[in-house]
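Participant: give me a model of this one.
(one chain, ligands or ions: 3)
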Amino acid sequence: MCPTPDNLNGATNGTNGTTNGTNGTNGSHNGYTGIETDRSTPKNARNPYLPVGDFLSNISKFKIIESTLREGEQFANAYFDTAKKIEIAKALDEFGADYIELTSPAASEQSRKDCEAICKLGLKRSKILTHIRCHMDDARIAVETGVDGVDVVIGTSSFLREHSHGKDMTYIKNTAIEVINFVKSKGIEIRFSSEDSFRSDLVDLLSLYQAVDKVGVNRVGIADTVGCASPRQVYDLVRTLRGVVSCDIETHFHNDTGCAIANAYCALEAGATHIDTSVLGIGERNGITTLGGLMARMITADRDYVMSKYNLAKLKDIEDLVAEAVAVNIPFNNPITGFCAFTHKAGIHAKAILANPSTYEIIDPADFGMRRYVHFASRLTGWNAIKSRAQQLNIEMTDAQYKECTAKIKALADIRPIAIDDADSIIHAFYRNVKHGLEEKIELPNMTTAEKKALAKVEAEVNKVPEKRALDETVEQEVAVEQTIKKAKTNGVIA
Ligand SMILES: CC(=O)SCCNC(=O)CCNC(=O)[C@H](O)C(C)(C)COP(=O)(O)OP(=O)(O)OC[C@H]1O[C@@H](n2cnc3c(N)ncnc32)[C@H](O)[C@@H]1OP(=O)(O)O
Ligand SMILES: O=C(O)CCC(=O)C(=O)O
Ligand SMILES: [Zn+2]
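Facilitator: Ligands and ions are numbered 1, 2, ... in the order given. This next block holds a predicted model:
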């Protein structure tokens, strides 16, 4: 099936000549558009590359602790007023985040009030957590806010024990147990986490986790606070911990060395149950596992689970909301929503994508309410992409003619970046010649001599007409003169 004009959004139908894409939430594509195909990958196809039979793995039953309103508030640019926090919390709830983690109510009076306000929203899907130090003063404030649970943390590495809070492992264990028992007595969930877990002593860690597991903590947390862990180290630690505690295991990965998404995935493979995320990864320094990146990773592992649980079409809206709130752009290479995440450019890719999108797409953009694009206005294009574009413009020619037309587009694109409108104009002009049996020169408005030369050259080569080669040589001379004049002007030799 070939793409039809029905598949196109307004900016790609070639009638208005614009190169601007739509900015809507569906298939937003800033900057340029190309051919778009609507074919999707088979919905029920299971991924044949799934790891099989690993009884520890939770890749098919993980939960998300969404920390944009806690870790994300620690992002350098972040300032969320109450209304913005509520807007983000509601959006995350609509998305289906299992938990929303909020800044400590001990941080400031407004933080406490905001925490209470969000608890009062009565969100449908997300439970509300707040995140506190391992201290009874913080715990007493937290349990009064109306949260569903409290996440407690304290550093266990020697760096943090010596230079942050100054407490030894015995103090940490005793205080942790006191805080856990207190929060549990209020009938709400409690998680205990060690900050900087990957630079902590393994024996210290395991005995601490064992002690808190024994007193009935709901989850223990492992945190790669400085982003130093590799996926293999994550796998080893989570797997070891899985053998030591019976409660759930939450994990938190910073992205200082670019491993945050991979580490989250490995943690799930090793038996972790919960992953901390933030929208666009915002957090301390360069942040943590991104919500969208984790969704991209997980949908390739278990599409049915991810699709059934999360409202993926909301992802782009939430990212736009948070990006605007903290004044950043969506990175071009963002999984799913980066402006070119589903754009295919090179001719080899374009041909195969038009035949079957699974050739070069591991994720179906439609699963996220996005659309794919095939770029055709470049020197890397191929005749299959041009044929498809011509057909979108209701132009039918022979394959040989599409190939000839493609050669002209490539020749112009060899000289300068071309717009969709340029490529479309060449297709239209070429087709006029074909339809009426003409041999008119194909020219676009305001073409330079060099550009005319490029098209004339292709024509001459394709048609193998000697007179056209002569014309070519004349144009070549004109180009040389044009370039000399330009150089002289640049150097100030002539005005
Ligand atoms: C890795 C993470 O992201 S952890 C989460 C980080 N979140 C936050 O810091 C929330 C925002 N923080 C704040 O508003 C403030 O830091 C507060 C209210 C928590 C504390 O403020 P202050 O009392 O002025 O202390 P300050 O921030 O200078 O230092 C931190 C204090 O907490 C203690 N502390 C640090 N971590 C912990 C911990 N996990 N458990 C218990 N105490 C801790 C430190 O020893 C220090 O105590 P001190 O007053 O005896 O020096
Ligand atoms: O509470 C946790 O598990 C994580 C705390 C944190 O943000 C970190 O250690 O980077
Ligand atoms: Zn963190």
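Participant: low-scoring stretches of this protein, by residue?
Facilitator: 1-34, 38-53, 461-479, 481, 493, 495 (pLDDT under 70).
Participant: and the gap between the residue nearest to the spatial centre of it and residue 183?
Facilitator: Centroid check for the chain by Cα atoms, centre = their mean gives residue 335 as the closest residue, at 2.4 Å. Look at residue 335 and residue 183: by Cβ to Cβ, to the nearest Å, they are 36 Å apart. (Each C-beta comes from the backbone N, C-alpha and C, glycine too.)
Participant: what residues does residue 221 make contact with?
Facilitator: Contacts of residue 221 were listed using Cβ atoms under 8 Å, 6 or more residues apart in numbering, and they are 151, 153, 191-194, 249-252.
Participant: out of the residues you listed, which touch ligand 2?
Facilitator: Residues of those in contact with ligand 2 (Cβ under 6 Å from any ligand atom): 151, 153, 193, 252.
Participant: now these in a markdown table, with secondary structure?
Facilitator: A markdown table is the format used below for those (DSSP: H, G, I helix; E, B strand; the rest coil):
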| residue | secondary structure |
| --- | --- |
| 151 | strand |
| 153 | strand |
| 193 | strand |
| 252 | strand |
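Participant: out of these, which are buried?
Facilitator: 151, 153, 193, 252 (16 or more other Cβ atoms under 10 Å).
Participant: out of the residues you listed, who's nearest residue 289?
Facilitator: Each of these was scored against residue 289 by Cβ to Cβ, and residue 252 proved nearest at 8.0 Å.
Participant: quick revisit: could you export the contacts of residue 221 to JSON lines, including columns for distance to residue 372?
Facilitator: What follows is the contacts of residue 221, written out as JSON lines (distance: Cβ to Cβ, whole Å):
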{"residue": "151", "distance to residue 372": "39"}
{"residue": "153", "distance to residue 372": "42"}
{"residue": "191", "distance to residue 372": "40"}
{"residue": "192", "distance to residue 372": "45"}
{"residue": "193", "distance to residue 372": "40"}
{"residue": "194", "distance to residue 372": "43"}
{"residue": "249", "distance to residue 372": "37"}
{"residue": "250", "distance to residue 372": "35"}
{"residue": "251", "distance to residue 372": "32"}
{"residue": "252", "distance to residue 372": "33"}
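Participant: between the residues you listed, which is closest to residue 444?
Facilitator: Nearest to residue 444 among these: residue 252, at 55.2 Å, using Cβ to Cβ.
Participant: what are the bridge partners for the closest one, then?
Facilitator: On the basis of DSSP bridges, residue 252 is bridged to residue 223.
Participant: give me every residue that touches it.
Facilitator: Here residue 252 is in contact with 67, 71, 193, 221-225, 276, 288 (criterion: Cβ under 8 Å, 6+ apart).
Participant: need the contact list for the nearest residue to residue 302 once chain neighbours are set aside.
Facilitator: Leaving out its chain neighbours, the residue that sits closest to residue 302 by Cβ to Cβ, 6 or more residues apart in numbering is residue 60, at 4.5 Å. For residue 60, the contact set (Cβ under 8 Å, 6+ apart) comprises 301-302, 305.
Participant: look up phi and psi at residue 60.
Facilitator: The phi and psi torsions at residue 60 (degrees, to the nearest 10) take the values phi -110, psi 10.
Participant: quick one: it from residue 442, how far?
Facilitator: When Cβ to Cβ is applied, the distance between residue 60 and residue 442 equals 56 Å.
Participant: around ligand 1, pick out the residues from the stretch 151-300 of the chain.
Facilitator: Those residues of the stretch 151-300 of the chain that sit near ligand 1, judged by Cβ under 6 Å from any ligand atom, are 153-155, 164-166, 195, 225, 284.
Participant: out of these, list just those in strands.
Facilitator: 153-155, 195 (DSSP state E).
Participant: need the max-distance pair from those.
Facilitator: In these, the most distant members under the criterion Cβ to Cβ are 153 and 155, with 7.8 Å between them.
Participant: between the two, which contacts overlap?
Facilitator: Residues touching both residue 153 and residue 155 (Cβ under 8 Å, 6+ apart) are 194-195.
Participant: in the stretch 351-495 of the chain, which spans are helices?
Facilitator: If you assign secondary structure with DSSP state H, counting those that start in this stretch, the helices in the stretch 351-495 of the chain sit at 383-392, 399-413, 420-436, 449-463, 466-490.
Participant: need those in CSV (columns: distance to residue 238 and mean neighbour count).
Facilitator: Below are these laid out as CSV (distance: least, Cβ to Cβ, whole Å; neighbours: other Cβ atoms under 10 Å):
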stretch, distance to residue 238, mean neighbour count
helix 383-392, 45, 25
helix 399-413, 50, 21
helix 420-436, 48, 19
helix 449-463, 59, 19
helix 466-490, 62, 13
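Participant: adding distance to residue 324, write the ones you listed out as CSV.
Facilitator: Supplementary listing: these in CSV, determined by distance: least, Cβ to Cβ, whole Å:
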stretch, distance to residue 324
helix 383-392, 33
helix 399-413, 35
helix 420-436, 28
helix 449-463, 40
helix 466-490, 42
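Participant: to residue 117, which of the ones you listed lies closest?
Facilitator: Nearest of those (Cβ to Cβ): helix 420-436, 47.6 Å.
Participant: for that closest one, which helices and strands make contact with it?
Facilitator: The elements that helix 420-436 packs onto, with contact taken as 3 or more Cβ pairs under 8 Å, 6 or more residues apart in numbering; DSSP states H and E, are helix 383-392, helix 399-413.
Participant: distance between that helix and the chain's centre?
Facilitator: 37 Å (Cα atoms, centre = their mean, to the nearest Å).
Participant: around ligand 2, pick out the residues from the stretch 51-200 of the chain.
Facilitator: If contact is defined as Cβ under 6 Å from any ligand atom, the residues of the stretch 51-200 of the chain in contact with ligand 2 are 71, 131, 151, 153, 193, 195.
Participant: run the last query once more with 5 Å
Facilitator: Contact residues (Cβ under 5 Å from any ligand atom) of the stretch 51-200 of the chain with ligand 2: 153, 193, 195.
Participant: so which of these comes closest to residue 435?
Facilitator: Compare each of these with residue 435 using Cβ to Cβ and the shortest gap goes to residue 193, at 70.5 Å.
Participant: what's the spacing between the closest one and residue 140?
Facilitator: Here the criterion is Cβ to Cβ. By it, residue 193 lies 19 Å from residue 140.
Participant: same thing with residue 329?
Facilitator: With distances taken as Cβ to Cβ, residue 329 is found 41 Å from residue 140.
Participant: looking at these two, which is more packed in?
Facilitator: When neighbours are counted by other Cβ atoms under 10 Å, residue 329 and residue 140 differ, and residue 140 comes out ahead with 15 against 11.
Participant: and the more buried one, that's in a helix?
Facilitator: Yes - the assignment for residue 140 is a helix, going by three-state DSSP.
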